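1. Okay, here's the prediction I keep looking at, along with the sequence it came from:
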Amino acid sequence: MTAAVDVLVVGAGTTGLSLALQAQAHGARVRVVERRPEPFRPSRALIVHPRTLEVLRPLGVTDALLELADTAPGVHLHLGPRVVEAGLADLALPDTAFPHLSLMRQTDVETVLTRALADRGVTVERGTELLTARDDGDGARAVLRSRRGTEEIRCPFVVGCDGPASAVRACAGIGWHGRPYAEEVVLADLDLGGRPPGADAQVFAGRRGLLFLFPIGERATWRLLATRASAGGAGQDFGQPGPAVPEAELQRLLDEAGTHARIERLAWSARVPLQCALARRFRRGRLFLAGDAAHTYSPATGQGMNAGIQDAVNLGWKLGFATSGPGGGSADGFDADVLLGSYEGERRAAARRRLLLTHTAFWAEASTGRLPSWLRAVAAPRAAPAVPVLLGRRRLVAEAVRLISQLRVNYRRSPLSVEGTPPLRGAPRPGDRLPDAAVGVGGPAERLHGLLARPGVHLLLQRDADPPPDTVGPRVTVLRLSNSPGRGLVAVRPDGHVGFRCGAADPAGLTGWLSLIGAAPSPPVRP
């Protein structure tokens with residue numbers, strides 16, 4: 001007999017695995033199914049952003065990820081005959097423990113997350129396909145098919161983390177607004193002559209687009225990523241690797257970019273059709289969408305995997321608190337629909353902003369129109385002497401990384417962002433990401449994010465603040481900051497965003513906010 005489940009996660013990519021970990025860490029019983037019998041290979045995503053590492057840290061997987069990542073990548077940017085060297089480590093980001101971009105294969109991220117789930121007693125059920133899912137009012141019903149046959153299960157929630165062709169999105173009847181790009185991406189793993197193994201990543205800007213060479217191929221030394229005019233074709237599976245690309249065509253791309261490299265061995269290649277698209281909703285009743293099932297982008301700025309993980313961490317704790325668990329939720333003042341509805345309001349707005357960012361970046365990177373082609377082939381080489389000067393402006397580079405990695409994302413308009421009475425001045429506003437900082441808690445200074453690296457809600461008291469009421473419950477960790485004068489407090493959500501703050505004791509306001517998110521001590525009735 002199948003064990004009781006609170007959350008059925010459909011799809012075992014980085015989004016689904018992260019969501020399962022976050023929901024399970026916050027009290028939900030999870031089940032993860034994946035239609036593919038084996039993990040998808042090779043990787044498509046190759047960059048992990050600082051904010052992604054931050055949100056995964058409380059789940060205990062960041063150290064394992066960093067062991068597999070290049071956290072000090074160097075880049076050689078080829079602008080015509082000029083070459084500009086840049087480093088992506090130790091950026092001017094003092095408010096994060098991860099002031100760098102990390103090169104890391106998606107497959108390695110999935111391996112770490114899968115192992116973490118297994119350590120918590122959750123095994124990914126591969127070769128299990130979702131046939132139908134529906135909201136029947138007081139629960140969700142799903143029909144699954146595997147080699148053992150067909151089964152129907154009932155659970156409170158189903159989350160589609162199953163990619164652009166999401167079966168959950170189709171079952172929910174949620175529209176998909178977007179369009180295909182006129183350009184596509186070419187991927188390949190290959191060994192090259194004329195370019196030393198282990199060298200830094202290489203980026204070549206040309207009239208036809210950009211060509212990247214990363215020294216982290218899975219089946220050969222180098223991973224090639226290039227843009228070209230789309231070959232088109234009916235029934236394209238957007239975002240998924242398609243037909244192989246002939247070696248002669250890959251060599252032509254290398255030659256046109258001016259790499260002076262020759263292919264010695266081609267291990268794998270594919271063309272990937274692209275689209276930019278956004279689901280009209282991220283939720284219908286008890287059916288939710290996250291990651292590529294909710295939004296797809298071009299590969300520009302490396303948003304796909306990172307945005308999906310951040311969706312997952314946002315939704316996972318809310319699903320956990322909406323279902324019962326030891327000390328989870330409150331029967332008085334708790335409305336699960338407000339809590340769960342905040343996911344769409346928060347993450348869809350962020351997705352729309354990313355869509356604009358990636359669309360603009362991809363236009364500059366890949367469009368074969370007259371202006372972007374001229375910018376890459378003519379203007380960029382002429383401006384190359386100024387690039388080291390710009391890169392030397394560490395604050396400017398840091399601001400770009402903040403924008404790209406979602407360190408600037410806030411949820412100030414969310415119903416979960418509440419200002420107490422009296423308001424607290426000079427602290428992050430409700431909805432803002434909590435920055436990292438050196439704090440005192442009665443001993444030597446420590447980094448704040450390290451102290452908060454565990455699941456649950458965190459209540460930060462200023463030095464002279466009154467103790468919190470007894471009603472904070474077991475889901476809340478209390479920390480008094482001895483180096484922060486004042487009588488105020490800040491409540492931090494499990495995803496690292498400020499939820500509530502006040503400038504002095506506001507027991508009713510704090511208790512009301514904890515009840516709002518389902519973190520007050522009396523348990524709710526299981527949906």
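-> Structure received. Residues are numbered from 1 along each chain as shown.
2. For the stretch 1-150 of the chain, which segments are assigned as strands?
-> 7-10, 30-34, 47-48, 74-79, 82-87, 102-103, 125-126, 129-135, 140-146, 149-155 (DSSP state E, counting those that start in this stretch).
3. Which elements pack onto the third one?
-> Secondary structure elements in contact with strand 47-48, counted by 3 or more Cβ pairs under 8 Å, 6 or more residues apart in numbering; DSSP states H and E, are strand 102-103, helix 304-322. In short, each C-beta sits where N, CA and C put it, glycine included.
4. between these, which has the poorest average model confidence?
-> For these, mean pLDDT drops lowest on strand 102-103, to a mean of 91.
5. Show me what it is in contact with.
-> Contact with strand 102-103 is made by 46-49, 53, 65-66, 69-71, 73, 201, 214, 216, as judged by Cβ atoms under 8 Å, 6 or more residues apart in numbering.
6. related to what we said a few turns ago, lowest-confidence stretch among the strands of the stretch 1-150 of the chain?
-> For the strands of the stretch 1-150 of the chain, where the average pLDDT is lowest is strand 82-87, sitting at a mean of 82.
7. Report the inter-axis angle for it versus strand 74-79.
-> 160 degrees (axes from the mean of the first three to the mean of the last three Cα atoms, to 10 degrees).
8. picking up where we left off before, which stretch among the helices and strands packed on strand 47-48 comes nearest Gly11?
-> helix 304-322 (9.7 Å; Cβ to Cβ).
9. could you point out which element follows the closest one?
-> helix 336-366 (DSSP states H and E).
10. Other residues contacting the very next helix or strand once past that following helix?
-> As assigned by DSSP H and E, the chain's next helix or strand after helix 336-366 is helix 370-374. The contact list for helix 370-374 (Cβ under 8 Å, 6+ apart) reads Arg207, Arg208, Trp363, Ala364, Glu365, Ala366, Ser367.
11. Show me what the next helix or strand after helix 370-374 packs onto, helices and strands only.
-> Downstream of helix 370-374, the first helix or strand assigned by DSSP H and E is helix 380-383. Counting contacts by 3+ Cβ pairs under 8 Å, 6+ apart, helix 380-383 packs against strand 74-79.
12. Which strands or helices does the strand it packs on pack on?
-> strand 82-87, strand 201-206, helix 380-383.
13. can you tell me the helix or strand for the residue lying closest to Ala349 once chain neighbours are set aside?
-> Nearest residue to Ala349 in three dimensions, chain neighbours excluded: Arg413, at 7.8 Å (Cβ to Cβ, 6 or more residues apart in numbering). Here Arg413 is covered by no helix or strand, with elements defined by DSSP H and E.
14. all helices of this protein, in order?
-> Using DSSP state H, the helices assigned to the chain run over residues 14-25, 50-56, 62-67, 106-119, 167-172, 247-257, 304-322, 336-366, 370-374, 380-383, 387-392, 394-404, 448-451, 507-517.
15. can you redo those helices as a markdown table with mean neighbour count and distance to Ala270?
-> As requested, the helices of the chain are exported to a markdown table (neighbours: other Cβ atoms under 10 Å; distance: least, Cβ to Cβ, whole Å):
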| stretch | mean neighbour count | distance to Ala270 |
| --- | --- | --- |
| helix 14-25 | 29 | 19 |
| helix 50-56 | 25 | 25 |
| helix 62-67 | 16 | 25 |
| helix 106-119 | 19 | 14 |
| helix 167-172 | 23 | 23 |
| helix 247-257 | 16 | 11 |
| helix 304-322 | 28 | 16 |
| helix 336-366 | 18 | 17 |
| helix 370-374 | 13 | 25 |
| helix 380-383 | 15 | 28 |
| helix 387-392 | 12 | 32 |
| helix 394-404 | 16 | 25 |
| helix 448-451 | 17 | 38 |
| helix 507-517 | 21 | 43 |
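16. So which of those is nearest Asp191?
-> helix 247-257 (11.9 Å).
17. what's next to that closest one, contact-wise?
-> In contact with helix 247-257 (Cβ under 8 Å, 6+ apart) are residues 78, 186, 188, 190, 192, 204, 206, 208, 211, 224, 226, 228, 261-263, 266, 269.
18. May I see the ChimeraX selection of the buried members of those?
-> Listed next is the ChimeraX selection for buried residues among the contacts of helix 247-257, using 16 or more other Cβ atoms under 10 Å:
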select :78,186,188,190,192,204,206,208,211,224,226,228,261,263,266,269
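19. Strands - which of the contacts of helix 247-257 land there?
-> 78, 186, 188, 190, 192, 204, 206, 211, 224, 226, 228, 262-263, 266, 269 (DSSP state E).
20. Nearest to Pro243 among those?
-> Nearest member of the ones in strands among the contacts of helix 247-257 to Pro243, counting by Cβ to Cβ, is Ser269, at 9.0 Å.
21. my read: the closest one touches Ile263, true?
-> No: using Cβ atoms under 8 Å, Ser269 makes no contact with Ile263, being 10.1 Å away.
22. Now do the shared contacts for the two.
-> By Cβ under 8 Å, 6+ apart, the residues touching both Ser269 and Ile263 are Leu190, Glu247, Leu250.
23. of all these, which comes closest to Val498?
-> Once Cβ to Cβ is applied, the member of the shared contacts of Ser269 and Ile263 that ends up nearest Val498 is Leu190, at 46.8 Å.
24. Going by mean pLDDT, which of the helices of the chain comes out lowest?
-> helix 387-392 - the lowest mean pLDDT of these, at a mean of 71.
25. Next, work out how far apart the spatially closest residue to His26 that is not a sequence neighbour and Gly308 are.
-> With sequence-adjacent residues excluded and distances taken as Cβ to Cβ, 6+ apart, His26 is closest to Gly320, at 2.7 Å. From Gly320 over to Gly308 the distance is 18 Å, taken as Cβ to Cβ, to the nearest Å.
26. Arg219 now?
-> 24 Å.
27. same thing with Glu125?
-> From Glu125 to Gly308 the distance is 20 Å (Cβ to Cβ).
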